[in-house]
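> show me the folded form of this:
(chains A and B)
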Protein chains: 2
Amino acid sequence: MAEYNTANPGLILASASPRRRDLLTQAGLPFTVIPSTVDETALTAGPPEVQVRMLAQAKAKQVAARFPDHWVIGADTLVVIDGRVLGKPKDRTEARAMLHRLSGRTHTVWTGYCLCCKDVAQSICDAVDTKVQFKTLSAGEIAWYVNTSEPYDKAGGYAAQGLGSTLIKRIEGSYTNVVGLPVCEVVETLVRVGVVRRSSP
Amino acid sequence: MAEYNTANPGLILASASPRRRDLLTQAGLPFTVIPSTVDETALTAGPPEVQVRMLAQAKAKQVAARFPDHWVIGADTLVVIDGRVLGKPKDRTEARAMLHRLSGRTHTVWTGYCLCCKDVAQSICDAVDTKVQFKTLSAGEIAWYVNTSEPYDKAGGYAAQGLGSTLIKRIEGSYTNVVGLPVCEVVETLVRVGVVRRSSP
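Residues are numbered from 1 along each chain as shown, chains lettered A, B, ... in the order given. Sure, this is the predicted structure:
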């Protein structure tokens, strides 16, 4: 049994991220995946919470333009430390440098999300931040981790939910936000706006 | 490729919990599951951190007695609010009462773990606590959640990683500890003691 009912014609996740798909699936939401083709490197001005909101909005609106009667979820995640934004590492050298910087310290993960439906001219965008504290990593641990496939398609060069779970000592804030989508906030908004309804017993 | 190598003859997880199995699998550890048959309700004296350590130790030692040359991981998780321990709800009425109590407030999740090997007379036990803040739940949300299968085999009557992810606003501390095993601490200890070794590049 689906745990939620959606208003027709259903919800679209405008993201190719398998982590976001898994989070929404675990949360019990029915949805379809239609990734946007927005260039993530095109918007890099302003504070991180503005960047992630703008990118989330750009992604959602691009897909909403093609499916104007659907509600679309866009999202973008950034890792910030020392006032510097860490994107997805291109290679081992970049991944190693990112992990060195994160080692033994606390950084901030920002995820912006945008929920929009073109036909009813509605759009809700927000951003959520979570503090993440890494354990102190030895050179051997960093060498081991950059040799796995995990760092390379993730902001900051690590996965909170995979092998990277062994690198994180503690967090403050939303955990799902670190993985890529603050599901408590997103589902609460979808329910409030009436896009989804909890299935009745 | 396995991400870790274990000292022969390998690691045993003395728990039937699918969440703990998933956490260790995601963390890349090779292990076998051999659940203990320790009665979880038998040890309920003392502060929660003592209770979870004692139960984790009892579970690990019971299985270690059968496999004295293996390293065994035992664990136990409790939810604490208002100085009261919430176990696994027996029925809807209990689950509903637990969720009412957790709604809109912060509680503490304690997980105790014990790593031991009988043949080398070694045993390391510790307990980790995480603060978890719930969103304010409406009567409808509670009715919806107790109607799913999720609350019934979990301390406190909720799952941090499933549908319950939509109930949690924020946490402070280890996320995996809330799911059932603080993997950063457990893997760090296993590496330090020499039970597992990260695979070299």
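
> in three-state terms, label residue A:104 for me.
Here residue A:104 takes the coil state, with states given by DSSP: H, G, I helix; E, B strand; the rest coil.

> contacts only, for it.
Shown in contact with residue A:104 (C-beta atoms under 8 Å, 6 or more residues apart in numbering or on different chains): A:134, A:135, A:136, A:137. For glycine as for every other residue, the C-beta is placed from the backbone atoms N, C-alpha and C.

> quick one, phi psi at the last one?
Per-residue torsions, residue A:137: phi -100, psi 130 (degrees, to the nearest 10).

> picking up where we left off before, just among the contacts of residue A:104, which is most surrounded?
residue A:134 (22 neighbours; other C-beta atoms under 10 Å in any protein chain shown).

> what's near enough to touch it?
Contacts for residue A:134 (C-beta under 8 Å, 6+ apart) come out as A:102, A:103, A:104, A:105, A:106, A:107, A:167, A:168, A:169.

> count of residues packed around the nearest residue to it once chain neighbours are set aside?
Distances taken as C-beta to C-beta, 6 or more residues apart in numbering or on different chains place residue A:102 nearest to residue A:134, at 4.8 Å, with adjacent residues excluded. As a burial measure, residue A:102 scores 24 neighbours (other C-beta under 10 Å).

> same check, this time on residue A:65
Counted with other C-beta under 10 Å, residues neighbouring residue A:65 total 10.

> could you check how far it is from chain B?
29 Å (C-beta to the nearest C-beta, to the nearest Å).

> residues from chain A in reach of chain B?
Residues of chain A found near chain B (C-beta under 8 Å from any C-beta of the partner chain) are A:3, A:23, A:26-28, A:130, A:135, A:140-141, A:143-144, A:147-148, A:160-163, A:165-176, A:183-184, A:187-188, A:198-201.

> which helix runs longest in chain A?
helix A:48-66 (DSSP state H).

> sort out which residues of it are buried, please.
Neighbour-count burial for helix A:48-66, counted by 16 or more other C-beta atoms under 10 Å in any protein chain shown, picks out A:48-49, A:51-64.

> now stretch A:98-106
By 16+ other C-beta under 10 Å, the buried positions in stretch A:98-106 come out as A:98, A:99, A:101, A:102, A:103.

> could you pull up the residues touching the residue nearest the centre of chain A?
Nearest to the mean C-alpha position of chain A, counting by C-alpha atoms, centre = their mean, stands residue A:180 at 2.3 Å. Shown in contact with residue A:180 (C-beta under 8 Å, 6+ apart): A:15, A:17, A:19, A:20, A:23, A:75, A:77, A:111.

> quick check: the fourth one vs residue A:186, distance?
Applying C-beta to C-beta, to the nearest Å, one obtains 10 Å for the distance of residue A:20 from residue A:186.

> same thing with the second one?
When C-beta to C-beta is the yardstick, residue A:17 and residue A:186 sit 14 Å from each other.

> looking at those two, which is more packed in?
Neighbours around residue A:17 and residue A:186, counted as other C-beta under 10 Å, are more numerous at residue A:186. The numbers are 26 against 19.

> wasn't the more buried one part of a helix?
Yes - assessed by three-state DSSP, residue A:186 belongs to a helix.

> quick one, what contacts it?
Neighbour list for residue A:186: A:73, A:113, A:115 [criterion: C-beta under 8 Å, 6+ apart].

> now name the helix or strand holding the last one.
In the assignment (DSSP states H and E), residue A:115 maps to strand A:106-117.

> and if you look at the first one?
The secondary structure element spanning residue A:73 is strand A:71-81 (assigned by DSSP H and E).

> show me which residues of the helix or strand just after that strand are buried.
Downstream of strand A:71-81, the next assigned helix or strand under DSSP H and E is strand A:84-86. For strand A:84-86, burial by neighbour count (16+ other C-beta under 10 Å) applies to A:85, A:86.

> which helices and strands sit right next to strand A:84-86?
Where contact means 3 or more C-beta pairs under 8 Å, 6 or more residues apart in numbering or on different chains; DSSP states H and E, strand A:84-86 is packed against strand A:71-81, helix A:92-102.

> what is the neighbour count of residue A:111?
Residues contacting residue A:111 under the criterion other C-beta under 10 Å number 29.

> quick check: bridge partners of it?
Beta-bridge pairing for residue A:111 (DSSP bridges): residue A:77, residue A:128.

> what residues are up against it?
Shown in contact with residue A:111 (C-beta under 8 Å, 6+ apart): A:52, A:75, A:76, A:77, A:78, A:127, A:128, A:177, A:178, A:180, A:181, A:182.

> okay, how far is it across stretch A:64-75, tip to tip?
End-to-end span of stretch A:64-75 (C-alpha to C-alpha, to the nearest Å): 13 Å.

> how about that stretch, which residues are buried there?
For stretch A:64-75, by 16+ other C-beta under 10 Å, it's A:64, A:67, A:70, A:71, A:72, A:73, A:74, A:75.

> pLDDT weak spots in chain A?
A:1-2, A:7-8, A:201 (pLDDT under 70).

> could you redo the last one with a cut-off of 80?
Along chain A, segments meeting pLDDT under 80 span A:1-2, A:7-8, A:40-45, A:200-201.

> from one end of stretch A:141-160 to the other, what's the distance?
16 Å.

> before we move on, what about stretch A:41-55?
End-to-end span of stretch A:41-55 (C-alpha to C-alpha): 9 Å.

> what does that stretch rub up against?
Counting by C-beta under 8 Å, 6+ apart, stretch A:41-55 makes contact with A:38, A:40, A:58, A:74, A:76-78, A:80, A:85, A:87, A:108, A:110-112, A:114, A:125-127, A:129, all of which sit outside it.

> these two touch, right, residue A:57 and residue A:126?
No - when contacts are counted by C-beta atoms under 8 Å, residue A:57 is not listed as touching residue A:126 (10.4 Å).

> which residues do those two both contact?
Common neighbours of residue A:57 and residue A:126 (criterion: C-beta under 8 Å, 6+ apart): residue A:112.

> circling back to that earlier point, can you tell me which of the residues of chain A next to chain B are in strands?
Using DSSP state E, the subset of the residues of chain A next to chain B located in strands is A:130, A:168, A:169, A:170, A:171, A:172, A:173, A:198.

> kind regards, and thank you for your time.
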